[in-house]
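Peer 1: Just need the structure, nothing else, for what follows:
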Amino acid sequence: MLEKLKRLYNKDDFDYSTGHVDPYKFHPTFYFIVKAFTVIDEPIAIWSYISLGVMIFDVTVAAVFAVIASFHGVILLDLSITTEAGVYTIVLLYKCLILSCTQLDKAHYHCLLRILREDFRYVCAEGAKYRQRFFANQLETWKVCLCSVIFTFGISVGMVGFSLLSLLFYLMTRTPGDGSQRPLLVPFWFWDVDFGKTPVYEIALNFSNFCFITYSYNYVFMIQTQVVWVRQIATKADLVIWAIQDLLQDIHPATNEGARKHYAQLIKYRMKEIVSQHHSMYTLMEAYAGVYKKLLMFEQKLCGPVVCLTAYCTAEKLDVGEFNAILLLLCIATVTLVFIPCYLCTFLGLKVRSISDACWNISFWNAGREIRPYLVLIMQRSLRPLPLQAPGFEEISMQTFSTKMTNAYSLFNMLRQTNI
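Peer 2: Numbers count the residues shown, from 1 in each chain. All right, here's what the predicted structure looks like:
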């Protein structure tokens, strides 16, 4: 079994060395998830609409209960309930934002799918000399996607597992008549409803576990699509860099007019391919920004409070002898899943700027003056910031991630030292 999983991880049974390769077969998890969220540019199956409808219903009901519990905590002046319910409210609002993007920005997702197919066709035909390096990049993308799916679903499985273990521990340690209630680790409240009694308790427990699973399913879509998108932009940048490196291959200073015209025509053809790939890269980048700018801005503003509040609630419960692993797992997941886009955007910025270095490193003095304006334009455009900025927000980068985590830790310390 372990050997089979290893072969699956390394795609040892998938032959991408010859012939045309279908990108959807190379990235089956990505293909499944874009179908499930109805953003694929193909006829959409009925089960996809049912899946999307279930998630919309789930997040709507869960958000209503989270908001009610938050207001209840405010009325009681109970900081623990308020912060815990507030965390779930923020998380569910983010899920609503992700689901809205799937319906409002389908054109951008279709752009990704179209360019993905074009790139696979290109390296399997006229760009075959880049085939090995291209699929080495795609294999890394597949591995990252697989790890992201396992991690994200692992968090939800851990949450569900801990809620069931808490109930099992209660049943093993309780004494009849001691007045204790079965543990419900999510702060449900709805006026006179007693969530500790049957069947309300069972409904609330199963609904909360279902919410954990559907949220991770929703976040698998968000993070996996982002990984494929960013790494495909980076692969486009690599295609541009490789073409620039080959631009002056077999080009020498002309000794006569015939040689000069031949070299000029060859350079013009190669330059056309470079400019086409470079333009396609920016088209893909603009589409990425059209979808993910709002999501990344939301993360930037609210990831710090979520990390702080989940850590604070976990610490407060530990002080009274309780351990809520769900909040701890949510804190770890938030840190990790915010780190990933910050790392990806930093990686993407460095990759795009490296196009400028590739232009500088070729022996452009051996070519005619006609290519120099194109090289200058490519270099200048490659040095521009990524289109992931907005007034009042910082650049999405590892430095910003570090700053947000530092601020979250400072706020956590302030809350712990404040007597409310």
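Peer 1: Where does pLDDT dip in the stretch 51-200 of the chain?
Peer 2: By pLDDT under 70, the weakly predicted segments of the stretch 51-200 of the chain are 179.
Peer 1: at 80 what do you get?
Peer 2: 79-80, 175-180 (pLDDT under 80).
Peer 1: Helices along this structure, start to end?
Peer 2: 2-10, 23-26, 28-36, 46-76, 79-104, 106-123, 131-173, 200-245, 257-319, 325-361, 372-382, 398-416 (DSSP state H).
Peer 1: Out of those, the one nearest residue 392 is which?
Peer 2: helix 257-319 (8.7 Å; CB to CB). For glycine as for every other residue, the C-beta is placed from the backbone atoms N, C-alpha and C.
Peer 1: need the helices of the chain in a markdown table with distance to residue 194 and mean neighbour count, can you?
Peer 2: Output for the helices of the chain, formatted as a markdown table (distance: least, CB to CB, whole Å; neighbours: other CB atoms under 10 Å):
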| stretch | distance to residue 194 | mean neighbour count |
| --- | --- | --- |
| helix 2-10 | 46 | 10 |
| helix 23-26 | 50 | 16 |
| helix 28-36 | 37 | 19 |
| helix 46-76 | 14 | 16 |
| helix 79-104 | 16 | 20 |
| helix 106-123 | 44 | 18 |
| helix 131-173 | 17 | 16 |
| helix 200-245 | 7 | 21 |
| helix 257-319 | 22 | 18 |
| helix 325-361 | 22 | 19 |
| helix 372-382 | 63 | 15 |
| helix 398-416 | 30 | 16 |
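Peer 1: would TSV of the ones you listed with distance to residue 186 be doable?
Peer 2: Shown next, in TSV, are the helices of the chain (distance: least, CB to CB, whole Å):
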stretch	distance to residue 186
helix 2-10	33
helix 23-26	37
helix 28-36	25
helix 46-76	8
helix 79-104	7
helix 106-123	32
helix 131-173	8
helix 200-245	4
helix 257-319	12
helix 325-361	7
helix 372-382	48
helix 398-416	21
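Peer 1: doesn't residue 112 make contact with residue 232?
Peer 2: Yes - when contacts are counted by CB atoms under 8 Å, residue 232 is listed as touching residue 112 (7.1 Å).
Peer 1: Now do the shared contacts for those two.
Peer 2: residue 284 (CB atoms under 8 Å, 6 or more residues apart in numbering).
Peer 1: so which of the helices of the chain gets nearest residue 190?
Peer 2: When the helices of the chain are compared by CB to CB, helix 46-76 sits nearest residue 190, at 6.4 Å.
Peer 1: Show me what the closest one is packed against.
Peer 2: helix 28-36, helix 79-104, helix 200-245 (3 or more CB pairs under 8 Å, 6 or more residues apart in numbering; DSSP states H and E).
Peer 1: got the angle between the shortest one and helix 106-123?
Peer 2: Yep, that's helix 28-36 we're talking about. 150 degrees (axes from the mean of the first three to the mean of the last three CA atoms, to 10 degrees).
Peer 1: Helix 28-36 packs against which elements?
Peer 2: Going by 3+ CB pairs under 8 Å, 6+ apart, helix 28-36 lies up against helix 23-26, helix 46-76, helix 131-173, helix 200-245.
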